[in-house]
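K.L.:
could you look at this predicted model? Sequence included:
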Amino acid sequence: MNLKKNQPKTNPKMKSVLKTFGVALAISLMAASTVGMMPDAQAASGQEINVRADQALEVFQKKIKGADKVMANAEGVLILPHVYKAGIGVGGEFGEGVLEVGGKPVDYYNMISASYGLQLGAQRKSILMFFMSDEALEKFQASSGWKAGVDASVAVINVGAEGTIDTTTLNKPIVAFVLDQKGLMYDLSLEGAKFTKIKK
């Protein structure tokens with residue numbers, strides 16, 4: 001007997017819904033477990049995010065040569081001072097941050113992204129995403145759910161051995177820097193990360 005003939009067919013739309021639900025569930029569980037492991041992973045107030053963002057900018061300026069030039073030429077910057085990565089098998093990243101324009105906070109956002117493969121424990125890093133053109137900044141602010149790699153490309157900047165920024169990559173509309181807790185650069189992609197405006 002061929003059992004496959006008696007199995008109901010799954011609607012393609014339903015498959016997509018189930019897949020999306022599975023990823024969302026995994027990220028939610030990851031965020032919940034991260035909160036339990038790290039006290040400062042809990043939802044922060046706007047003032048707390050502002051203070052952490054200022055600290056992340058200070059580290060960026062001290063550790064990276066050419067940081068002042070990037071900050072001076074940017075139309076705005078999204079600072080996510082505490083981004084957590086955790087999970088076993090299916091994991092993800094979550095963080096909250098502030099969008100600053102003209103050196104002042106204008107909106108708050110969270111970032112969520114899914115990841116797959118072996119990953120144990122929890123990691124924390126900071127992400128600074130600079131908008132180098134008015135058009136890129138306006139599109140980001142107008143979006144209800146902006147996704148890196150879909151709505152726009154984000155160039156993650158690497159630095160040389162002496163901690164100097166590769167200026168040839170600064171002509172992109174959006175550039176990002178990813179730093180660990182000591183201010184050392186990460187070499188990774190933000191593609192697929194979703195940024196959503198939140199109230200604080």
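P.N.:
Yes, it's here.

K.L.:
buried ones in stretch 139-152?
P.N.:
For stretch 139-152, a neighbour-count test (16 or more other Cβ atoms under 10 Å) marks Lys139, Phe140, Gln141, Trp146, Lys147, Ala148, Asp151, Ala152 as buried. Backbone N, C-alpha and C define where each C-beta goes, glycine included.

K.L.:
who touches Met129 in this structure?
P.N.:
Going by Cβ atoms under 8 Å, 6 or more residues apart in numbering, Met129 touches Val77, Leu78, Ile79, Leu80, Val154, Ile174, Val175, Ala176, Leu190.

K.L.:
how about 6 Å then?
P.N.:
By Cβ atoms under 6 Å, 6 or more residues apart in numbering, the contact set of Met129 is Leu78, Ala176.

K.L.:
that one: helix or strand, and which one exactly?
P.N.:
Assigned by DSSP states H and E, Met129 falls within strand 122-131.

K.L.:
after that strand, next one along is what?
P.N.:
Immediately after strand 122-131, counting by DSSP H and E, sits helix 134-142.

K.L.:
give me the helices and strands touching that following helix, please.
P.N.:
Using 3 or more Cβ pairs under 6 Å, 6 or more residues apart in numbering; DSSP states H and E, no helix or strand is in contact with helix 134-142.

K.L.:
can you give the strand pairings for the next helix or strand after it, parallel or anti for each?
P.N.:
As assigned by DSSP H and E, the chain's next helix or strand after helix 134-142 is strand 146-147. Strand pairing for strand 146-147, using DSSP bridges, gives strand 194-198 (antiparallel).

K.L.:
tilt between the partner strand and strand 122-131?
P.N.:
Calculated by axes from the mean of the first three to the mean of the last three Cα atoms, to 10 degrees, strand 194-198 forms an angle of 80 degrees with strand 122-131.

K.L.:
can you give me the helices in the protein?
P.N.:
Secondary structure of the chain by DSSP state H: the helices cover 12-37, 46-63, 67-73, 134-142.

K.L.:
how many residues are close by the nearest residue to Val101 once chain neighbours are set aside?
P.N.:
The spatial neighbour of Val101 that comes closest, neighbours along the chain excluded (Cβ to Cβ, 6 or more residues apart in numbering), is Gly76 at 4.2 Å. Gly76 has 22 neighbouring residues, counting by other Cβ atoms under 10 Å.

K.L.:
picking that back up, quick one: strands adjacent to the strand holding Met129?
P.N.:
Its sheet considered, strand 122-131 pairs with strand 76-88 (antiparallel), strand 174-179 (antiparallel) by DSSP bridges.

K.L.:
which of the helices of the chain comes out lowest on mean pLDDT?
P.N.:
Mean pLDDT per stretch puts helix 12-37 lowest among those, at a mean of 44.

K.L.:
ok, now which ones touch Leu80?
P.N.:
Counting by Cβ under 6 Å, 6+ apart, Leu80 makes contact with Gly95, Gly97, Met111, Ile127.

K.L.:
would you format those residues as a markdown table with distance to Gly103 and pLDDT included?
P.N.:
Listed next are these as a markdown table, based on distance: Cβ to Cβ, whole Å; pLDDT from 0 to 100:
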| residue | distance to Gly103 | pLDDT |
| --- | --- | --- |
| Gly95 | 21 | 94 |
| Gly97 | 15 | 97 |
| Met111 | 22 | 95 |
| Ile127 | 19 | 94 |
